[in-house]
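Asks: I need the structure of the sequence given here:
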Amino acid sequence: MPKPASPAPTRQRIITAVLQIIGEDGIAALTNRRIAKEAGVSLGSVTYHFETQHELLRESLLHFVREEARHFTELADQCQTESLGIEDAAALAGQVACGAALDSAHLAPFELYLRAGRDERLREAAATAFTAYDRLATRILTALGVPDAERRAATTVAVVMGLQLRRLATGSPADDLVDALLLLARGAACQPPEQTLLA
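Replies: Take a look at the predicted model:
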């Protein structure tokens, strides 16, 4: 008889609960009591693992980014190993976007990025997040043969995140994301850097 899966470590359960709460009701709704209840841990476990709310928010943001980075690294690797064309890569990105449920877990990082704008202690974590996204965008653009991919990565990330925010806010389809990525990638691949909007 197979052994049942062991529960996630306490620290991980707390972080998952924090992202869930932020996504559902915002950062203002975070209390140690609610976190403990959502995570299924004792109240003392929350303060044992995270001494301050700042530390809790920072680690939750970094955890989300690590998971996203892992997911999109697999996408970048697929682009490299399968020699995908621009249309195929955009369609793959659309599949990823469609697979990302419009749920509270995907609202949470936007709340944390806004908080970083008001709290400089979170800015380093936010900068780490965007550096990871830029690095992955560079890999994908390079695999697609887009010239000067590193310089264009931040713009690509901004467009994707903006469209994801729009999708979260309005429920718009992921097709918008695919169309935008195709427009960006085709324009960058066909024009010299000084003639493209991605410059």
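
Asks: burial count for residue 143?
Replies: Around residue 143 there are 20 other residues, counting by other Cβ atoms under 10 Å. Quick note: C-beta positions are derived from backbone N, CA and C, even for glycine.

Asks: okay, it: pLDDT?
Replies: Reading off the confidence values, residue 143 has pLDDT 74.

Asks: Now do the contacts for residue 115.
Replies: Going by Cβ atoms under 8 Å, 6 or more residues apart in numbering, residue 115 touches 27, 57, 122.

Asks: one more time with 10 Å, if that's ok
Replies: 22, 26, 27, 54, 57, 61, 121, 122, 123, 126 (Cβ atoms under 10 Å, 6 or more residues apart in numbering).

Asks: Would you map the helices across this structure?
Replies: 10-25, 32-39, 43-49, 53-82, 86-99, 104-118, 123-143, 149-170, 175-190 (DSSP state H).

Asks: For the ones you listed, which has the smallest mean pLDDT value?
Replies: helix 86-99 (a mean of 62).

Asks: Hmm, residue 113 is touching residue 128, no?
Replies: No - counting by Cβ atoms under 10 Å, residue 113 does not reach residue 128; the two are 11.9 Å apart.

Asks: what touches both of the two?
Replies: residue 61.

Asks: Identify the farthest-apart pair in the contacts of residue 115.
Replies: Across these, no pair lies farther apart than 26 and 123, at 19.4 Å, counting by Cβ to Cβ.

Asks: From the contacts of residue 115, list just the buried residues.
Replies: The neighbour-count criterion (16 or more other Cβ atoms under 10 Å) marks 22, 27, 57, 61, 122, 126 among the contacts of residue 115 as buried.

Asks: quick one on the thing from earlier: would you turn the contacts of residue 115 into JSON lines with distance to residue 171?
Replies: What follows is the contacts of residue 115, written out as JSON lines (distance: Cβ to Cβ, whole Å):
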{"residue": "22", "distance to residue 171": "20"}
{"residue": "26", "distance to residue 171": "19"}
{"residue": "27", "distance to residue 171": "23"}
{"residue": "54", "distance to residue 171": "33"}
{"residue": "57", "distance to residue 171": "27"}
{"residue": "61", "distance to residue 171": "25"}
{"residue": "121", "distance to residue 171": "33"}
{"residue": "122", "distance to residue 171": "28"}
{"residue": "123", "distance to residue 171": "30"}
{"residue": "126", "distance to residue 171": "26"}
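
Asks: Could you pull up the contacting residues of residue 31?
Replies: By Cβ under 10 Å, 6+ apart, the residues touching residue 31 are 21, 37, 43, 46, 53.

Asks: mind checking how far the fourth one is from residue 171?
Replies: This means residue 46. Counting by Cβ to Cβ, to the nearest Å, the gap from residue 46 to residue 171 is 33 Å.
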